[in-house]
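>>> next input, structure requested:
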Amino acid sequence: MDLHFIDLNGNHFVVPDAPEGYLRQDAAEVAPPPGPQHRWLNGGWELPALDLETHRAAAMRSIVSHINTITSSALTAYPAAEVESWPIQKAEAEAVLAAETPTLAMAPFLTGVCQAQFGPADDAARLAQLIEKAQAVKANADVWGNMAAYVNGLRARTQMAIMAAEDVAGADAALAAGIAEGEAFREANGL
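You can find the predicted model right below:
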């Protein structure tokens, strides 16, 4: 069993696999630290105070992680290959919807999606499917774009508030406000 000691100078050390009854004359045995970040300070285990810059950096990582959690539910609802195709789908949908006379050739990817989704069809039926698919893609792209814009602004605003904080408590308050706003956004949008 590992035994933990504090020497006469206040330094912590461990005697690995110490035999039962092991004693030290030059140090006092203490309970192990509660966690790896704890240090022996002022006669007990404490977490050292973080400097403000370190705390700010951790808070900024936390808001990004929180936003990733919020948006991941929208992303994980689709296969990765489909998510990667969103820019192609959006470009083709916009081209089809902007055209006075849309054609299948304008959107080869979305035409392939329609073929895979609906099966065989003549060109007129396929074009109707393509236009309907383009409308759905455009609507989804608009929703995603609005969500991305919002979380981008939330991240930037929260990080600015964290950087402007004059102390650890201020950085914590800025992070808490950003997380609370992110949670409200998640609930309001069913994410």
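>>> for the residue lying farthest from the centre of the chain, give me phi and psi.
The C-alpha centroid of the chain is most remote from Gln25, which lies 50.9 Å away (CA atoms, centre = their mean). Backbone torsions of Gln25, given as degrees, to the nearest 10, read phi -80, psi -20.
>>> what's the spacing between it and Leu8?
Using CB to CB, to the nearest Å, Gln25 is found at 10 Å from Leu8. (Each C-beta comes from the backbone N, C-alpha and C, glycine too.)
>>> what's the domain layout of this structure?
With domains defined by automatic domain parsing, the chain comprises 3-46, 52-188.
>>> so where does the spatially most central residue of the chain fall, helix or strand?
Against the mean C-alpha coordinate of the chain, by CA atoms, centre = their mean, the closest residue is Asn68 at 2.2 Å. Element membership for Asn68, per DSSP states H and E: helix 52-75.
>>> and for the following helix or strand past that helix, what's in contact with it?
Per DSSP H and E, helix 52-75 leads on to helix 80-84 as the next helix or strand towards the C-terminus. Under the criterion CB atoms under 8 Å, 6 or more residues apart in numbering, residues Leu75 lie in contact with helix 80-84.
>>> just to revisit the earlier point, any chance of the domains of the chain in JSON lines, plus mean pLDDT?
Below are those laid out as JSON lines (pLDDT from 0 to 100):
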{"stretch": "domain 3-46", "mean pLDDT": "84"}
{"stretch": "domain 52-188", "mean pLDDT": "94"}
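>>> what's the most buried one of these?
Ranked by mean neighbour count, those are led by domain 52-188 with a mean of 15 (mean count of other CB atoms under 10 Å).
>>> packing partners for the helix ranked longest in the chain?
Longest helix in the chain, counting residues (DSSP state H): helix 123-164. Counting contacts by 3 or more CB pairs under 8 Å, 6 or more residues apart in numbering; DSSP states H and E, helix 123-164 packs against helix 52-75, helix 86-98, helix 108-118, helix 168-188.
>>> alright, that wraps it up for me.
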